[in-house]
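[1] predicted coordinates and the sequence they were generated for:
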Amino acid sequence: MTRLVELDETGPRRLDPEDIDDEKGDVAVCQCGLSDSFPFCDGSHRRTHDEDDGTTYVYEDGERRAVERVVTSDEERDD
Ligand code: FES
């Protein structure tokens, strides 16, 4: 499974004591790229649990779709 994620931040986010979850006592950093609270995990990773190995997904407007390949602007399309 692969996921295409668009991020627009250009620098790091420094964590501070307020970032610690009061109930769990830890900080959960998002690694799936889908969190609305990025860089923190908000549970959105649950949407990825049924992704298939070898498939690339795009998550857009609350929907998920599988894509065959990604065409970049400097690459010519086949269709
Ligand atoms: S790891 Fe991305 S939302 Fe939890």
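    Received the coordinates, thanks.

[2] what's in contact with stretch 54-69?
    By C-beta atoms under 8 Å, 6 or more residues apart in numbering, the residues outside stretch 54-69 that reach it are 1-5, 34, 47-48, 51-52, 70. (Each C-beta comes from the backbone N, C-alpha and C, glycine too.)

[3] then stretch 34-46?
    Contacts of stretch 34-46 with the rest of the structure, by C-beta under 8 Å, 6+ apart, involve 3, 5, 7, 13, 19, 27-32, 47-48, 59.

[4] list only buried entries from these.
    Buried members of the contacts of stretch 34-46, counted by 16 or more other C-beta atoms under 10 Å: 3, 28, 30, 32, 59.

[5] and Leu34, how many neighbours?
    Neighbour count of Leu34, defined by other C-beta atoms under 10 Å: 20.

[6] quick one: it from the ligand, how far?
    Distance of Leu34 to the ligand, given as C-beta to the nearest ligand atom, to the nearest Å: 5 Å.

[7] offset the numbering so it begins at 7, please.
    From this message on, residue numbering opens at 7, which makes the last subject Leu40.

[8] doesn't that residue belong to a helix?
    No - read with DSSP: H, G, I helix; E, B strand; the rest coil, Leu40 is coil and lies in no helix.

[9] how about the backbone phi and psi for Ala72?
    Phi and psi for Ala72, reported as degrees, to the nearest 10, are phi -90, psi 140.

[10] next one: Thr54
    phi -100, psi -10.

[11] again with Val73
    phi -120, psi 150.

[12] and for Gly17?
    phi -150, psi 180.

[13] what's around it, how many residues?
    5.

[14] and the contacts of stretch 40-52 near the ligand, which?
    36-38 (C-beta under 6 Å from any ligand atom).

[15] how about those in TSV, adding pLDDT?
    Shown next, in TSV, are those (pLDDT from 0 to 100):
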residue	pLDDT
Cys36	95
Gln37	94
Cys38	95
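
[16] got the residues you listed as JSON lines, with distance to Asp48 columns?
    Output for these, formatted as JSON lines (distance: C-beta to C-beta, whole Å):
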{"residue": "Cys36", "distance to Asp48": "7"}
{"residue": "Gln37", "distance to Asp48": "12"}
{"residue": "Cys38", "distance to Asp48": "10"}
